[in-house]
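**Q** Got a predicted structure plus its sequence, pasted below:
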Amino acid sequence: MKNKIKGLLKTEGKPRMVFDNFDFEILANIILPNHRNSDMHWIAQFMTFDRFPSHHLDDNKPLVSHVNSFDNKEYLLTEMELQTDKSNFCTLVMRILVEFFPCMRHLKSVVDEHIPHRYNYRYFLL
């Protein structure tokens, strides 16, 4: 496992540890010496890697000084990005149709199983 993590550090970038706590209470209907209210505090953690480089971004100030100076046209999708999104949504709808409508199940072989993207290992094989 240690070698696997070392390999990932070389190929995937900086690691990030993520912690999330979950607090809840279990109330007993009848309180007995061995059966009381319980106050639970759980924590989940996992390690992930930065798939998108962000070291060049400034964490000390916002990108724009005022919302009025934010220029929408700089951040809107290009025509090519819109076409890609449309194609991806069509793929998702086709997956739903072939899964939930028996009359369309014969089309399952022509529906993409995975939408290609640059962080998918199959993308590099194309």
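**A** Here it is on my side, so go on. Every value quoted in this text rests on a predicted model; they were computed, and no experiment measured them.

**Q** Show me this structure divided up by domain.
**A** Here the chain is described, according to automatic domain parsing, as comprising the domains 1-51, 74-126.

**Q** my guess is F22 is in a strand, correct?
**A** Yes: with DSSP: H, G, I helix; E, B strand; the rest coil as the criterion, F22 is part of a strand.

**Q** tell me the contacts of it?
**A** 40-44 (C-beta atoms under 8 Å, 6 or more residues apart in numbering). Every C-beta, even on glycine, is put in place using the N, C-alpha and C of the backbone.

**Q** what bits of the protein have low per-residue confidence?
**A** Within the chain, the set of residues satisfying pLDDT under 70 comprises 51, 119-126.

**Q** Provide the secondary structure category for the nearest residue to F19 once chain neighbours are set aside.
**A** Spatially, and ignoring its direct neighbours in sequence, F19 is nearest to Q45 (4.8 Å; C-beta to C-beta, 6 or more residues apart in numbering). Classification of Q45 using three-state DSSP returns strand.
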